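Peer 1: Pasting the sequence and the predicted model now:
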Amino acid sequence: MESKLLGHTSCLACDSSDAMAVYDDGHAHCFSCNTTFQDFEEGKEPQVKVPEPSNPELVTDLAYQDIPSRGISSAVCRSHGYGIGMVNGQPVQVANYRDAAGDVVGQKVKGAGKKFAVRGDLKAAGLWQQHRWGSGGKHLLVTEGETDCLAWQTISGDRFAAVSIPNGAAGAAKAIRQNIDFVDSFGRVVLCFDNDEAGRLATEQVANILTPGKVAVMSLPEGCNDICDAVQKGHAEKLTKSFWHASPRRPDGIVAGEDLVKALLNPPEMGLPYPWVGLTEKLGGIRKRELVTITAGTGVGKSLMAGLIGTHLIKSGAKIGYISLEESLTRTTERLVAAEMQTPLHVSRDHVDPADIEKCWRDVFDGNVCIYNHFGSVDAETLLQRVKHMRIAEGVDYVIVDHLSILVSGWGDGDERRLIDNVMTALRSVCEQTGVGMFLISHLRAPQGGEASHEEGGRPKINQLRGSKAISQLSDAVIAIQRNQLCEEHSNRSTVWVLKNRHLGIVGEAGTLDYSPDSGTMTEVIENKETDDSPF
């Protein structure tokens, strides 16, 4: 005769307030922690006879039952040694760990409040259920937890080898190393850890340990955290297909086969034009994933050029991020608007209506620029987090970092070269990983051997980038500005040089720019040159 549900109450084995179902035949079952009680009377401890264990450290006389909330059958629980026992008069879930001979040598015990304890020696057992399978099989599934293993074996009919990690995702790599001979003996190893950060990290770590080519990663149905969750939501068929269709995992950075053909057939990426024809022709435009360094002497116009490029990109439909470490938020926004309004707002605003400034900002920049409001040095990790946030969360296409020297100035150990090496490597990686384009401002070291200073018109050279060779090595392009600030006739005229050009390989002079103090902009000087075949 089927028992009748009387109602719900709080569970004695976990912290659930209403998951315990009480039936008229005297038993109760908690659908939160999957514990079943016999001779249950609300408000009293269940009457269960607890025999003396033969080994005081291990829980004996386990009861095996279905676990409906996890999609696990009692038959699989019995064959795998996963049952309900009693510890100090309280019901607990117990996972038996057996050695190669099949003897129970350890247990994982889950009690009230989802608290875990270990009894005996888990190390002697290896991976959970390893004792059931001989080495050298065709397929092996590795899960993160015991119940995931049980759920999989329930839906698969317990036909193929499946094991789980004894100590969760954090201990996955260590557990696999300790049992590498067993795991690597299988022709195909399928990993299915939890769909969270810890599970994904464990997947990468374990995959890197095993023989390349035999590891496959089993994907979980959308919205599911683990195998149990997927089974509970009715995705048993999807899980089975995912197991058989899981492709061999290829280490990051290894590209082969059809992916190479796709890359070959991709049309070349045409960059956005620079604000000046000379740079566009020399560099082939501005492209994402590239790191472009702008360099010059002090006060020659590095920040001005970067600001003009940023404004130009916004007007071309791109969104930019601005990390300016030596000027205020007001000065940075002022620089962008001044370029568009062609008036030096930092000098005077007497002739400018504040309403026009606001209108310019809202019409051109609002929603198209993201600024990191910070002054002075910032540690590398924080910088990379800000750049990644700008790219991923804010949708920024290009980031301007002004400038490299102040970025590392407060890092403290005095080894500027090493610090710049590290930050350049990190910035280069961010460009590749996120697809963001980046403009980085860097200083030059003073010329040697009696050459004119860069502030007095000395021609910049790529080996004069201050701090580290990594700046030139990791940049896709290096743009330099040459200007003699003491020249009475052309103190505002600059020559632009391309010192590195990874995309096209063309270096050399890239045009002449005139700075206008009245407009605050740099205008390209277009010279009319007669050719030998001119009719005039």
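Peer 2: Now that the structure is in, tell me what you want to look at. Numbers count the residues shown, from 1 in each chain.
Peer 1: Low-confidence regions, the stretch 351-500 of the chain specifically.
Peer 2: For the stretch 351-500 of the chain, the stretches with pLDDT under 70 are 375-378, 380, 408-414.
Peer 1: Which residue is the nearest non-sequential neighbour of Asp66?
Peer 2: Closest residue to Asp66 apart from its sequence neighbours, by Cβ to Cβ, 6 or more residues apart in numbering: Ser74 at 4.7 Å. Quick note: C-beta positions are derived from backbone N, CA and C, even for glycine.
Peer 1: what's stretch 479-489 in contact with?
Peer 2: 279, 283, 292-297, 299-302, 305, 444, 454-460, 462, 490-499, 510, 513 (Cβ atoms under 8 Å, 6 or more residues apart in numbering).
Peer 1: go on, stretch 466-473?
Peer 2: 293, 404-405, 408, 416-418, 420-421, 424-425, 442-445, 462-463, 465, 478, 499-500.
Peer 1: Please identify the buried residues of that stretch?
Peer 2: Arg466, Gly467, Ser468, Ala470, Ile471, Ser472 (16 or more other Cβ atoms under 10 Å).
Peer 1: sorry, back to before: go ahead and build a ChimeraX selection from the buried members of the contacts of stretch 479-489.
Peer 2: Selecting only the buried entries of those in ChimeraX, with 16+ other Cβ under 10 Å as the criterion:
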select :279,283,292,293,294,295,296,297,300,301,302,305,444,454,455,457,458,460,462,493,494,495,496,497,498,499,510,513
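Peer 1: Just the contacts of stretch 479-489: which are in strands?
Peer 2: 292-296, 493-499, 510, 513 (DSSP state E).
Peer 1: Tabulate those (CSV), appending distance to Val347.
Peer 2: Below are the ones in strands among the contacts of stretch 479-489 laid out as CSV (distance: Cβ to Cβ, whole Å):
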residue, distance to Val347
Val292, 28
Thr293, 28
Ile294, 23
Thr295, 25
Ala296, 21
Arg493, 20
Ser494, 19
Thr495, 25
Val496, 24
Trp497, 28
Val498, 31
Leu499, 31
Ala510, 28
Leu513, 19
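Peer 1: Glu334: which of the residues you listed is nearest?
Peer 2: Checking the ones in strands among the contacts of stretch 479-489 against Glu334 by Cβ to Cβ gives Ile294 as the nearest, at 19.5 Å.
Peer 1: and the gap between the closest one and Asp103?
Peer 2: 70 Å (Cβ to Cβ, to the nearest Å).
Peer 1: Please apply the same query to Val387.
Peer 2: 55 Å.
Peer 1: Comparing those two, which shows the higher neighbour count?
Peer 2: Val387 (23 against 11; other Cβ atoms under 10 Å).
Peer 1: In contact with the more buried one, which residues?
Peer 2: Applying Cβ under 8 Å, 6+ apart, the residues contacting Val387 are Gly321, Ile323, Val399, Leu427, Val430, Thr434, Val436, Met438.
Peer 1: Run me through the strand neighbours of whichever helix or strand the second one is part of, direction for each.
Peer 2: Counting by DSSP states H and E, the secondary-structure element that holds Ile323 is strand 320-324. The partner list of strand 320-324 in its sheet, established with DSSP bridges, is strand 369-372 (parallel), strand 398-402 (parallel).
Peer 1: Reformat these as a markdown table; add mean neighbour count.
Peer 2: Shown next, in a markdown table, are the strands paired with strand 320-324 (neighbours: other Cβ atoms under 10 Å):
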| stretch | mean neighbour count |
| --- | --- |
| strand 369-372 | 19 |
| strand 398-402 | 25 |
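Peer 1: Would you mind telling me which of those is nearest Gly137?
Peer 2: Using Cβ to Cβ, the strands paired with strand 320-324 put strand 398-402 closest to Gly137, at 50.4 Å.
Peer 1: What lies in contact with the closest one?
Peer 2: 286, 288, 302-303, 306-307, 309-310, 313, 318-327, 383, 387, 390-391, 407, 427, 436-441.
Peer 1: rewinding a little: drop anything exposed from the contacts of Val387.
Peer 2: Gly321, Ile323, Val399, Leu427, Val430, Thr434, Val436, Met438.
Peer 1: Quick check: the fourth one vs Lys233, distance?
Peer 2: The span separating Leu427 from Lys233 equals 42 Å under the rule Cβ to Cβ.
Peer 1: Next: the first one.
Peer 2: Per Cβ to Cβ, Gly321 is found 40 Å from Lys233.
Peer 1: before we move on, back to that, in TSV, list the strands paired with strand 320-324 along with distance to Ala112.
Peer 2: What follows is the strands paired with strand 320-324, written out as TSV (distance: least, Cβ to Cβ, whole Å):
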stretch	distance to Ala112
strand 369-372	48
strand 398-402	51
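Peer 1: so which of those strands gets nearest Ala63?
Peer 2: strand 369-372 (59.4 Å).
Peer 1: Would you mind identifying the next helix or strand past that closest one?
Peer 2: That would be, after strand 369-372 and using DSSP H and E, helix 380-392.
Peer 1: That next one vs strand 398-402, what angle?
Peer 2: 150 degrees (axes from the mean of the first three to the mean of the last three Cα atoms, to 10 degrees).
Peer 1: low-scoring stretches of the stretch 51-200 of the chain, by residue?
Peer 2: If you take pLDDT under 70 as the line, the stretch 51-200 of the chain has these spans: 51-56, 113-114.
Peer 1: Now do the same contact list for Thr147.
Peer 2: So Thr147 contacts Ile67, Arg70, Ile72, Tyr82, Cys228 (Cβ under 8 Å, 6+ apart).
Peer 1: Okay, and it sits in which element?
Peer 2: Applying DSSP H and E, one finds Thr147 within helix 146-156.
Peer 1: C-alpha coordinates for that helix, CSV please?
Peer 2: C-alpha atoms of helix 146-156 as CSV (Å, rounded to 0.1, in the frame of the first residue of the first chain):
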residue,chain,number,x,y,z
GLU,A,146,30.6,11.5,-6.2
THR,A,147,27.0,12.3,-6.9
ASP,A,148,27.8,13.5,-10.4
CYS,A,149,29.5,10.1,-11.0
LEU,A,150,26.4,8.4,-9.7
ALA,A,151,24.0,10.4,-11.8
TRP,A,152,26.0,9.7,-14.9
GLN,A,153,26.2,5.9,-14.2
THR,A,154,22.4,5.9,-13.6
ILE,A,155,21.6,7.3,-17.0
SER,A,156,24.4,5.4,-18.8
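Peer 1: same for the helix or strand following that helix, what does it pack against?
Peer 2: Past helix 146-156, heading to the C-terminal end, the next element that is a helix or strand (DSSP H and E) is strand 161-164. Secondary-structure packing of strand 161-164 (3 or more Cβ pairs under 8 Å, 6 or more residues apart in numbering; DSSP states H and E): strand 139-143, helix 146-156.
Peer 1: Which positions within stretch 60-75 qualify as buried?
Peer 2: By 16+ other Cβ under 10 Å, the buried positions in stretch 60-75 come out as Thr60, Leu62, Ala63, Tyr64, Gln65, Asp66, Ile67, Ser69, Arg70, Gly71, Ile72, Ser73.
Peer 1: what's the nearest residue to the second one once chain neighbours are set aside in contact with, if anything?
Peer 2: The one in question is Leu62. The shortest distance from Leu62 to any non-neighbouring residue, by Cβ to Cβ, 6+ apart, is to Gly83 (3.1 Å). Contact analysis of Gly83 by Cβ under 8 Å, 6+ apart lists Leu62, Ala63, Tyr64, Gln65, Cys77, Gln93, Val94.
Peer 1: Got phi/psi on Gly83?
Peer 2: phi -140, psi -170 (degrees, to the nearest 10).
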